[in-house]
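Student: build the 3D model from these lines:
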Amino acid sequence: MIKKMIKHGNSAALIIDKPIMELLELDIDKPVKITTDGKSLIISPISEGGRSDKFERSIDKINKRHQKTLEKLAR
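Tutor: Numbering: from 1, shown residues only. You can find the predicted model right below:
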């Protein structure tokens, strides 16, 4: 599916069709997490305080704190 961004004030907006919202169990009132791999946007529903949220926050914190070391290890 190809979508086009629309202007929303000083920002850009992307309209997500209802079938996709239903498939991903998204709701207008639920927050979503937006991340990127440097090339793509990843939009994920936020589960309500589950263990995986804590794990992801911990991983993000470790990655930020030890980014240079992890990059050296990857080489």
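
Student: just want the most central residue of this structure.
Tutor: The centroid of the chain falls nearest to Ile34 when counting by CA atoms, centre = their mean (2.4 Å).

Student: strand partners (parallel or antiparallel) of the helix or strand where that residue lies?
Tutor: Assigned by DSSP states H and E, Ile34 belongs to strand 32-36. Counting by DSSP bridges, the strands paired with strand 32-36 are strand 41-45 (antiparallel).

Student: buried set for the helix or strand following the strand it pairs with?
Tutor: Counting by DSSP H and E, the element after strand 41-45 in chain order, helix or strand, is helix 51-65. By neighbour count on 16 or more other CB atoms under 10 Å, the buried set for helix 51-65 is Glu56. (Each C-beta comes from the backbone N, C-alpha and C, glycine too.)

Student: tilt between whichever helix or strand comes after helix 51-65 and helix 51-65?
Tutor: Going down the chain from helix 51-65, the next helix or strand is helix 67-74, by DSSP H and E. Here helix 67-74 runs at an angle of 90 degrees relative to helix 51-65 (axes from the mean of the first three to the mean of the last three CA atoms, to 10 degrees).

Student: for helix 67-74, which outside residues touch it?
Tutor: Asn63 (CB atoms under 8 Å, 6 or more residues apart in numbering).

Student: next, the buried residues of that helix.
Tutor: For helix 67-74, it's none, nothing buried (16+ other CB under 10 Å).

Student: distance between that helix and the chain's centre?
Tutor: 23 Å (CA atoms, centre = their mean, to the nearest Å).

Student: okay, it in CSV with CA atoms only?
Tutor: C-alpha atoms of helix 67-74 as CSV (Å, rounded to 0.1, in the frame of the first residue of the first chain):
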residue,chain,number,x,y,z
GLN,A,67,26.6,2.3,21.9
LYS,A,68,30.3,2.7,21.0
THR,A,69,31.3,-0.5,22.8
LEU,A,70,28.5,-2.5,21.1
GLU,A,71,29.5,-1.1,17.7
LYS,A,72,33.1,-2.2,18.3
LEU,A,73,31.9,-5.7,19.4
ALA,A,74,29.8,-5.9,16.2
